[in-house]
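A.B. asks: coordinates only, no sequence provided:
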């Protein structure tokens, strides 16, 4: 039997390849950052060719660390930054334009047009999603309308569309020499072009967004063999798992039962609750999305609350304000004070996501007095992540009718003890981190491993899950309520900043 499963984790700031063993433990990692491109305010791009080159490099690095050959690796799973949109030519493999990143807001005018014509929720019944700058469909419409030659090539069947998972699978399985053009149900559910019930591209959505069906990938389950690697990095290894990053983290946290939830603290924050085979429509600004589908098994759905700016706020404080040298220094600075000094930081840099969905909001720091110093600002920066998570949990409990008993957490910010304790305090519930923190990559590995029989079933995966740390609430209810009222007041100050 092969020793390892490989997971490619194509994230917003870097691409990694992680090799896992049968116990779900990390045995090797390769990682490389890519450039963040900001052509103008609100526009965020990545170079897909740079990401593809980095992908090959990180696979080689991870393999070389443990002297692994193709025969040592049972399968590759892919997980990716969702909604990041790329269109490329199938004869040359060349992108028509840089990828439009999920944070990009250049489609604001299109959102306004659809809002005026039928309201932001006009497609929710089909797709589970509001009209927003967030999802891939509008980004693709923008590319088709603004990139010379793309629409003509798309209608001839020469231009291909995908999120980053589709782009990487196509290249890994042959590229211009017969690359497989596929995506999975989780990524497809984030385009706003897929029907949540049929799990197929919806003609009404394609008509509404004026997108040629011929350029779209085939929709597959999250766990099946899509093809095999054709290049020299891992020749002959099956590509057998595909999950958007937040869905992958849900799988990596083994949240296989309805009501189980996880929160990933990365560039943004993503709280996802498994709702089983039932589609739960949100009344509170959450997204209804696909959780995962393993092979021919029934699809599982989820409710999701997305917070645009969490870890990115710490980076902003580091890079734009220079208050800290390294992102990890934020905790030390925040610990120089006992509380936020009355200051709140609402990081609505590109609008507010769930549960507010305010495209007109922009970032504010509220409650400033002469007393407030950089320690208080640092604390307000960390607390913003916890407050935004509480906003989403409250909405999720109302929509699902399920009270959160504990929250499984993962992502880079989980190392921040001050933040995790405050998160437990403000939620008034236990916060639990797993022994293997890289749950996103692990979820992709699990999906690929299930497809090739490396793991037999989800019970085996559950046995791999272990607790690293548990934080329990310590804050008095009166203090909790007072702090949250201040946050809710600060949020309203960010509204209607943009006309």
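C.D. replies: All right, it came through fine. If you're wondering where the values come from, they're calculated on a predicted model, not measured in any experiment.
A.B. asks: what's the first helix or strand after the lengthiest helix in the chain?
C.D. replies: Residue-count comparison of every helix in the chain, with assignments taken from DSSP state H, identifies helix 374-400 as the longest. Toward the C-terminal end, the helix or strand that comes next after helix 374-400 (DSSP states H and E) is strand 406-410.
A.B. asks: so how far is that following strand off the chain centroid?
C.D. replies: For strand 406-410, the gap between its own C-alpha mean and the chain's C-alpha mean amounts to 16 Å (Cα atoms, centre = their mean, to the nearest Å).
A.B. asks: how about residues contacting the next helix-or-strand element following it?
C.D. replies: Toward the C-terminus, strand 406-410 is succeeded by helix 417-427 as the next helix or strand (DSSP H and E). With Cβ atoms under 8 Å, 6 or more residues apart in numbering as the test, helix 417-427 has contacts from 265, 331, 334-335, 379, 382-383, 385-387, 389-390, 393, 404, 407, 409, 413-414, 430-431, 433, 469, 471-475, 480, 483-484. (C-beta placed from N, C-alpha, C; glycine too.)
A.B. asks: hmm, 7 Å instead?
C.D. replies: Outside helix 417-427, the residues within contact range by Cβ atoms under 7 Å, 6 or more residues apart in numbering are 331, 334-335, 382-383, 385-387, 389-390, 393, 407, 409, 413-414, 430-431, 471-475, 480, 483-484.
A.B. asks: since we're on residue 56, how many residues are nearby?
C.D. replies: Residue crowding around residue 56 was assessed by other Cβ atoms under 10 Å; the count is 18.
A.B. asks: actually residue 27, not the one I typed
C.D. replies: The tally of other residues near residue 27 (other Cβ under 10 Å) stands at 15.
A.B. asks: distance of residue 268 relative to residue 412?
C.D. replies: Distance, residue 268 to residue 412, using Cβ to Cβ, to the nearest Å: 12 Å.
A.B. asks: more neighbours, these two?
C.D. replies: Between residue 268 and residue 412, counting by other Cβ under 10 Å, residue 268 is the more crowded of the two (24 against 17).
A.B. asks: right, and the helix or strand after whichever strand or helix holds residue 219?
C.D. replies: Using DSSP H and E, residue 219 sits in strand 218-220. Next along the chain after strand 218-220, taking DSSP H and E as the criterion, comes strand 223-228.
A.B. asks: ok, whatever helix or strand comes next after that next one: who's next to it in the sheet?
C.D. replies: Reading on from strand 223-228 to the C-terminus, the next helix or strand found by DSSP H and E is strand 238-244. Each strand paired with strand 238-244, and its direction, by DSSP bridges: strand 73-80 (parallel), strand 223-228 (antiparallel).
A.B. asks: in this protein, what spans have low per-residue confidence?
C.D. replies: Applying pLDDT under 70 to the predicted model, the residue ranges of the chain that meet it are 1.
A.B. asks: which parts of it belong to which domain?
C.D. replies: Structural domains of the chain, as assigned by the TED database, span the residue ranges 4-246, 254-434+466-498.
A.B. asks: just so I know, which of those domains lies nearest residue 446?
C.D. replies: The closest of those to residue 446 is domain 4-246. By Cβ to Cβ, the value is 7.4 Å.
A.B. asks: okay, how far is it across that closest one, tip to tip?
C.D. replies: Across domain 4-246, the straight-line distance between its terminal residues is 23 Å, by Cα to Cα, to the nearest Å.
A.B. asks: columns distance to residue 445 on top of the domains of the chain, output as JSON lines?
C.D. replies: What follows is these, written out as JSON lines (distance: least, Cβ to Cβ, whole Å):
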{"stretch": "domain 4-246", "distance to residue 445": "4"}
{"stretch": "domain 254-434+466-498", "distance to residue 445": "13"}
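A.B. asks: for those domains, which one sits closest to residue 444?
C.D. replies: Put simply, out of these the one that sits nearest residue 444 is domain 4-246, at 3.4 Å, with distance taken as Cβ to Cβ.
A.B. asks: ramachandran coordinates for the closest residue to residue 155 other than its chain neighbours?
C.D. replies: Distances taken as Cβ to Cβ, 6 or more residues apart in numbering place residue 212 nearest to residue 155, at 5.1 Å, with adjacent residues excluded. With angles defined as degrees, to the nearest 10, residue 212 sits at phi -70, psi 130.
A.B. asks: tally of neighbours for residue 212?
C.D. replies: Neighbour count for residue 212, taken as other Cβ under 10 Å: 17.
A.B. asks: burial count for the nearest residue to residue 366 once chain neighbours are set aside?
C.D. replies: The spatial neighbour of residue 366 that comes closest, neighbours along the chain excluded (Cβ to Cβ, 6+ apart), is residue 490 at 4.0 Å. The local packing of residue 490 (other Cβ under 10 Å) involves 20 other residues.
A.B. asks: list the contacts of residue 490.
C.D. replies: Applying Cβ under 7 Å, 6+ apart, the residues near residue 490 are 344, 346, 364, 366-367.
A.B. asks: where does it fall, secondary structure wise?
C.D. replies: Using DSSP H and E, the element containing residue 490 is helix 477-492.
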